[in-house]
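K.L.:
just coords:
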Ligand SMILES: [Zn+2]
């Protein structure tokens, strides 16, 4: 399967291809698009429930897609049972809240081994974000 440049760069940064990395890429893109907010300095990102691997891989995807990074201090993570993402547009304080759809969580829980995870990650990358996330502005 063909891997586009954005995904190649993400894999190079993160070290491997996994579904949570892809989910972070797509969630961040969706959030900035819906808020109409600028990458790198325009937002503040908070993520819950991403404290252990593989779920924590979502944080790298979010940093790449939103440009909010630990180095700049505009992304933070918090302990929780379930993954939730809140992106705040700094110019007007508008927020979008994202969570993973129930069917997706089941599928992620059922992944067996490395190649299954990679294949699923590629499928996710080609999905429409609105099929993966519940979002609320
Ligand atoms: Zn990972």
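P.N.:
Received it, and whenever you're ready, just let me know what you need. Just so you know, these numbers come straight off a predicted model, no measurement behind them. Residues are numbered from 1 along each chain as shown.
K.L.:
now residue 16: how far from residue 22?
P.N.:
Counting by Cβ to Cβ, to the nearest Å, the gap between residue 16 and residue 22 amounts to 11 Å. C-beta coordinates here come from the backbone N, C-alpha and C atoms, glycine included.
K.L.:
where does the chain come near the ion, residue by residue?
P.N.:
18, 57 (Cβ under 5 Å from the ion).
K.L.:
low pLDDT regions in the chain?
P.N.:
By pLDDT under 70, the low-scoring segments of the chain are 1-2.
K.L.:
ok, which stretches of it are helices?
P.N.:
Under the criterion DSSP state H, helices of the chain are mapped to 5-14, 19-35, 57-66, 102-109, 113-125, 129-132.
K.L.:
Tell me which residue in this protein sits closest to the ion.
P.N.:
As assessed by Cβ to the ion, the ion sits closest to residue 57 within the chain, at 3.1 Å.
K.L.:
So what's the residue count around the spatially closest residue to that residue that is not a sequence neighbour?
P.N.:
Leaving aside its sequence neighbours, residue 57 sits nearest to residue 20 (Cβ to Cβ, 6 or more residues apart in numbering; 3.8 Å). Residues lying near residue 20 (other Cβ atoms under 10 Å) number 25.
K.L.:
okay but residue 20 is in contact with residue 58, surely?
P.N.:
Yes - contact criterion Cβ atoms under 8 Å: residue 20 and residue 58 qualify, at 4.3 Å.
K.L.:
Next, show the common contact partners of these two.
P.N.:
residue 50 (Cβ atoms under 8 Å, 6 or more residues apart in numbering).
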